[in-house]
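Chemist: Fold the following for me, if possible:
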Amino acid sequence: MGAAVLMLSGTTQRRMQAMIHYLTVMTRQAAC
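Modeler: Below is the predicted model:
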């Protein structure tokens, strides 16, 4: 899902935000 979001977003800022959001979700799941 993260890769699809990165591909859909055309702006670099959006890519960065999507990547950070994806990493945050992954970290939360790993912490639980």
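Chemist: which residues of this protein score low on pLDDT?
Modeler: Segments of the chain classed as low confidence (criterion: pLDDT under 70) are 1, 6-10.
Chemist: which strands and helices sit next to the one helix or strand residue 30 maps to?
Modeler: Taking DSSP states H and E as the criterion, residue 30 maps to helix 12-31. With contacts defined as 3 or more CB pairs under 8 Å, 6 or more residues apart in numbering; DSSP states H and E, helix 12-31 has these neighbours: helix 2-8. (Each C-beta comes from the backbone N, C-alpha and C, glycine too.)
Chemist: and the helix holding residue 30, which residues are buried?
Modeler: By neighbour count on 16 or more other CB atoms under 10 Å, the buried set for helix 12-31 is residue 18.
Chemist: Begin at 889, not 1, for the rest of this chat.
Modeler: Sure thing, new numbering starts at 889, so read that last one as helix 900-919.
Chemist: Give me the distance between residue 903 and residue 890.
Modeler: Separation of residue 903 from residue 890 (CB to CB, to the nearest Å): 11 Å.
Chemist: With residue 915 instead?
Modeler: In this view, residue 915 and residue 890 are 13 Å apart by CB to CB.
Chemist: ditto for residue 908
Modeler: Counting by CB to CB, the gap from residue 908 to residue 890 is 11 Å.
Chemist: One more: residue 914?
Modeler: In this view, residue 914 and residue 890 are 8 Å apart by CB to CB.
Chemist: and what of residue 909?
Modeler: Using CB to CB, residue 909 is found at 8 Å from residue 890.
Chemist: can you check residue 919 too?
Modeler: Residue 919 is 18 Å from residue 890, by CB to CB.
Chemist: ditto for residue 917
Modeler: Per CB to CB, residue 917 is found 12 Å from residue 890.
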